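Could you work out the structure for the sequence below:
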Amino acid sequence: MKDKLNKIYNFYSEVNQAEKLAEECFEYLEACDNFFKEPTTENLKAMYSEIADLHVLSTQFKQNVDYVNEQVEFKVDREIGRILKTKG
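Coordinates of the predicted model:
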């Protein structure tokens, strides 16, 4: 999968994939809105499909941009810290 995602990322370019990610974020928000207004199986699947699109694109950046990796690690560690504080 890693090689396939890198091939896509390199073929279309970082800028294009960033634009595509923004587009997919909008589509995800629309799908969420539809699901929250009408929580059907069809709307849930549409929301999940958009999550898959976001995963594909965000993984491309995670594999190719060191800063993204640094931020992912920072944000996960920060959330774990919050959880540990809450549990006491």
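
just the helices in this structure please.
All helices of the chain, identified by DSSP state H, fall at 2-12, 14-37, 41-64, 66-87.

Can you list the low-confidence ranges for this structure?
Confidence mapping of the chain against pLDDT under 70 gives the ranges 88.

picking up where we left off before, including mean neighbour count, could the helices of the chain go into TSV?
Backbone N, C-alpha and C define where each C-beta goes, glycine included. Formatted as TSV, those follow (neighbours: other C-beta atoms under 10 Å):
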stretch	mean neighbour count
helix 2-12	13
helix 14-37	14
helix 41-64	15
helix 66-87	10
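
need the contact list for residue 28.
Taking C-beta atoms under 8 Å, 6 or more residues apart in numbering, we find residue 28 in contact with 47, 50-51, 53-54.

Take these and write them to JSON lines, including distance to residue 72.
Listed next are the contacts of residue 28 as JSON lines, based on distance: C-beta to C-beta, whole Å:
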{"residue": "47", "distance to residue 72": "22"}
{"residue": "50", "distance to residue 72": "20"}
{"residue": "51", "distance to residue 72": "16"}
{"residue": "53", "distance to residue 72": "18"}
{"residue": "54", "distance to residue 72": "14"}
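
which of the residues you listed lies closest to residue 70?
Of all these, residue 54 has the smallest distance to residue 70: 19.7 Å, by C-beta to C-beta.

I'd say that closest one and residue 26 touch.
No: the pair residue 54 and residue 26 does not pass the contact test of C-beta atoms under 8 Å, sitting 10.8 Å apart.

Quick one: residues contacting residue 64.
So residue 64 contacts 6, 9, 14 (C-beta under 8 Å, 6+ apart).

Mind doing that once more with 7 Å?
6, 9 (C-beta atoms under 7 Å, 6 or more residues apart in numbering).

From residue 12, how far off is it?
12 Å (C-beta to C-beta, to the nearest Å).

Ok, residue 31 next?
Using C-beta to C-beta, residue 31 is found at 23 Å from residue 12.

Good, we can wrap up now.
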